[in-house]
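Asker: predicted model, plus sequence, below.
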There are 2 protein chains.
Amino acid sequence: MNRPTLEAVAARAGVGRGTVSRVINGSPNVSEKAREAVQQAIQELGYVPNRAARALVTRRTDTVALVVSESEFRVFDEPYFAGTIRGIGSALTETGLQLILAMARSRQEHARLEHYLTGQHVDGVLLLSLHGDDPLPGRLEAMGVPTVLGGRPVGPATPYSYVDMDNRAGARQAVKHLLGLGRGRIAAIAGPQDMGVGVDRLSGYRDAVLPTGLPELVAYGDFSEESGESAMAELLAAHPDVDAVFAASDPMALGAMRVLKAAGRAIPEDVAVIGFDDSKAALHADPPLTTVHQPMEAMGRQMALLLVARINGEELRQPVVILDTHLVRRESA
Amino acid sequence: MNRPTLEAVAARAGVGRGTVSRVINGSPNVSEKAREAVQQAIQELGYVPNRAARALVTRRTDTVALVVSESEFRVFDEPYFAGTIRGIGSALTETGLQLILAMARSRQEHARLEHYLTGQHVDGVLLLSLHGDDPLPGRLEAMGVPTVLGGRPVGPATPYSYVDMDNRAGARQAVKHLLGLGRGRIAAIAGPQDMGVGVDRLSGYRDAVLPTGLPELVAYGDFSEESGESAMAELLAAHPDVDAVFAASDPMALGAMRVLKAAGRAIPEDVAVIGFDDSKAALHADPPLTTVHQPMEAMGRQMALLLVARINGEELRQPVVILDTHLVRRESA
DNA sequence: AAGGTCTTTGGGAGCGCTCCCACAAAGAGT
DNA sequence: ACTCTTTGTGGGAGCGCTCCCAAAGACCTT
């Protein structure tokens, strides 16, 4: 039952440890004959290198962590999560790295997690949907742990590398579409303003509305369906004449639609609605929700690729990647 | 920048390596004085044990893998996934184990994954929603890797340990509720019959229908919304007089509802609908979907706990855990 | 006071690997 | 023929930890 070691392979192949190691790590300076002998021995013995032993000497664990911290614990429920993790997974398997899922709910678990991540247990860290000025990325980078964020962090010119959607352009395009429909009382249900996504999607709305001289009607939510409902109720109370809504997330748009319907407004006749995410739920909504598509799987892939490049110490021309978004027209607007 | 080693801590505390190791691992035979000195040194140096070094000698990695294989890659989209992983995460952090997410899309990645998992890189494996007679759990156990399944595997009396919902009882209860409503043409949209869940939920339906002498009207789906739509269409064509539907998953129930509405049937007046999952979407459906609740987070926790127990070599009286399900009555039935 | 037991301690050995140095073998140049 | 490379190879050292053994103390007994 005991797994064979490098030494066993060497003995079997009639070579030294060094040669076996070279074959395994693809060193060029190995004779064809030796390589074949080693490969056969590996095959016969079913040899699998011991990661721990390798990690001990190389000081690399070939492992990266995807951190899901307390406030974003519900990411699992969110439509974008599946795509992102899929992208991360596919990019990572290609490079042979392992993905560990690090979760932290309480504050003390958070501290423990930071301790763990900085304690040479992972080669790099992937951080999803950061809120506010979370100190984690700064601490990690300070300890020499490469970190890549998913979504622009708030604050001016942070030094972190990240992958993000072009949220601003997407929002702008959505609102311009509403404008093109002849709507004149366009409201926005914005996301949390302590997140880059939240800020950027609202900026996009403003970009489109400002030049027209039309009023800015804004309510805030936290991307959840419930918050979309209350924001819509608020909007409806303050501006009964609203004729279009741009919601910064699909769940919020869905919540808004529910409230609008309950208030007797026809969609899109009375009020046009556009969401953001291009989630599955948007497609199945009634009426199907016009929304802004964002390439989630690509984002995951890019995050992983960026991280791998940084782990390998490559000089990055571009530590930031921005992915295109575009409007998907359906029936709600 | 170099992280301190055990030896550094020992030197600082004025004790030997052995004593530091004992303190870290909570050995009882350490004097109070030594323990304090060591703890302070650890604090001052910010010492974090090197996992690789420890793993090398203990032959334990303190890591378990959650395998998400090709066919179930969409689990990320499924409502039950979030709860399960949450439960796994919370149970695991308590025990200090790390969770690695192992994904395999293609067949060859699958082979590589098996190689990896059996190659002493993880202490145990968690397998979600197995299809058919997947050879993976058998291979893993044969190689001495403890494995716990989420959901009963098909086939009579497999030797694996697993955690499952009482799917049969839940389904039976749902159908009995339909019967209690006076419905007499109750159809089932069953899940894949190569999965325990699929089989059991259909059995529950039969348990309730059989004694009544009413006809069994069954169509099959794969738990997805789309499959629910086509199954419902099929059912409607074959049995236009159907007055109730029990779907083996919420997405299928939602798909069925869409088709029913399109066919002009009122829910629940013309056709009552019950789903299974108690997902968030069920709550927000129109009308709110009556469904069978299953404790997903508890399932995740139990899976993790079972695995940990097996890893620690505990003698298990009960290598199988079945969790209760119950009907949640809303407006669709 | 001497011998016993139990607790606590330090440190050698060794886990399986990579790194690197020394050296052998094979060409290449004079 | 001889040196000087170049290429390929074996194996010592050591990564940071746990295990375990021998020895030192502490505390009883008689």
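Answerer: Received the coordinates, thanks.
Asker: my read: residue A:284 touches residue B:257, true?
Answerer: No. Counting by CB atoms under 8 Å, residue A:284 does not reach residue B:257; the two are 10.7 Å apart. In this view, the C-beta of every residue, glycine as well, is placed from N, C-alpha and C.
Asker: those two: which has the busier surroundings?
Answerer: The neighbour count for residue A:284 versus residue B:257, taken as other CB atoms under 10 Å in any protein chain shown, is higher for residue B:257 (26 against 18).
Asker: what sits against the more buried one?
Answerer: B:267, B:273, B:285, B:289, B:332 (CB atoms under 8 Å, 6 or more residues apart in numbering or on different chains).
Asker: try residue A:62
Answerer: Per CB under 8 Å, 6+ apart, neighbours of residue A:62: A:51, A:55, A:96, A:97, A:98, A:123.
Asker: count of neighbours near the third one?
Answerer: Which is residue A:96. Neighbour count of residue A:96, defined by other CB under 10 Å: 10.
Asker: what sits closest to it if chain neighbours are left out?
Answerer: residue A:62 (6.5 Å; CB to CB, 6 or more residues apart in numbering or on different chains).
Asker: need phi/psi at the one you found.
Answerer: The phi/psi pair for residue A:62 (degrees, to the nearest 10) reads phi 60, psi 40.
Asker: again with residue A:64
Answerer: Dihedral angles of residue A:64 (phi, psi; degrees, to the nearest 10) stand at phi -120, psi 150.
Asker: in this structure it contacts residue A:305, no?
Answerer: No. With contact defined as CB under 8 Å, residue A:64 does not reach residue A:305; the gap is 11.6 Å.
Asker: could you pull up the mean pLDDT of stretch A:272-285?
Answerer: Mean pLDDT, stretch A:272-285: 90.
Asker: for the helix or strand hosting residue A:281, which outside residues touch it?
Answerer: Counting by DSSP states H and E, the element that carries residue A:281 is helix A:280-284. Surrounding helix A:280-284, the residues in contact under the criterion CB under 8 Å, 6+ apart are A:79, A:250-251, A:253-254, A:275, A:288-289, A:291, A:330, B:77, B:225, B:254, B:258, B:281.
Asker: how does it look with 10 Å?
Answerer: Residues outside helix A:280-284 that contact it (CB atoms under 10 Å, 6 or more residues apart in numbering or on different chains) are A:79, A:82, A:225, A:249-251, A:253-254, A:274-276, A:288-293, A:328, A:330, A:332, B:77, B:225-226, B:229, B:251, B:254-255, B:258, B:281, B:284.
Asker: next, the buried residues of it.
Answerer: A:281, A:282, A:284 (16 or more other CB atoms under 10 Å in any protein chain shown).
Asker: any idea how chain A splits into domains?
Answerer: Per automatic domain parsing, the structural domains of chain A span A:6-49, A:63-166+A:297-324, A:167-293.
Asker: is the shortest one anywhere near chain B?
Answerer: Yes. With CB under 10 Å from any CB of the partner chain as the threshold, domain A:6-49 lies in contact with chain B, specifically through A:46, A:47, A:48, A:49.
Asker: does that domain reach DNA strand C?
Answerer: Yes. Applying CB under 7 Å from any atom of the strand, one finds domain A:6-49 touching DNA strand C at A:6, A:7, A:17, A:18, A:21, A:24, A:25, A:47, A:49.
Asker: pretty sure the first one contacts residue A:22?
Answerer: No. In terms of CB atoms under 10 Å, residue A:6 does not count as a neighbour of residue A:22; the distance is 11.0 Å.
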